[in-house]
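1. Got a sequence here, can you build the structure:
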Amino acid sequence: MEKHITLPLTEELAKTLHAGDTVYLTGTIYTSRDAGHKRMCEALARGEELPFDPKDATIYYVGPTPAKPGQVIGSAGPTTSGRMDAYAPTMMSVGARGMIGKGARLPEVVEAMKKYSGVYFGAIGGAGALLAKCIKSAELIAYEDLGAEALRKLYVEEMPLVVIIDSEGRNLYEEGRAAYLKAKESK
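-> Reported below is the predicted structural model:
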């Protein structure tokens, strides 16, 4: 099913999404990769606040390239989400609900998604220039020393994504593989 969604990703909105849905996101998202996630989780462990309000936030696992003149941002393709698996449950425990990346997730992340009504969106790897066209503004908000991995606040319009894992733990990767094998066996 095709859905046009305006963020933030509330619990109620997250529960309307299902593995396999095509989604076009509009609204504010944040960028972070493993180094940024590590710093945020360390800050939380020390009782400190994060550089942004994580409640109902969506985090895009991306390290964009520098913007060329006249551009908001450079190429902005997803990175492998598994790098954030050690941190994702902690981030969801403080309110972050959406994750955008590519690749499979560990069972611990899927369990946290079920517990906190999280959603994992898949972005097309190798389509960073196309995805960057959906980004209408970009603001550096923390960890500038991390370069491309610094935290940024982005405003996106109609960013094309697919729900890979929904808040009930249904996983498009697993369901797609099972459907393929079933079809192959029936031939």
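2. Report the contact partners of Ala86.
-> With contact taken as Cβ atoms under 8 Å, 6 or more residues apart in numbering, Ala86 is in contact with His37. Where C-beta positions appear, they are placed from N, C-alpha and C, glycine not excepted.
3. Please, which helix or strand holds it?
-> Assigned by DSSP states H and E, Ala86 falls within no helix or strand.
4. what's the answer for Lys115, then?
-> Judged by DSSP H and E, Lys115 forms part of helix 107-116.
5. max-length helix in this structure?
-> helix 172-185 (DSSP state H).
6. Quick check, pLDDT for Leu25.
-> Looking at Leu25, its pLDDT reads 97.
7. what about it, which SS state?
-> Put simply, Leu25 is strand when judged by DSSP: H, G, I helix; E, B strand; the rest coil.
8. which stretches of this structure have low pLDDT?
-> Counting by pLDDT under 70, the chain has low-confidence residues at 179-180, 184.
9. For it, just list every one of the helices.
-> 11-14, 34-45, 88-93, 107-116, 128-132, 172-185.
10. returning to what we had before: give me the distance between the helix holding Lys115 and the centre of its chain.
-> 14 Å (Cα atoms, centre = their mean, to the nearest Å).
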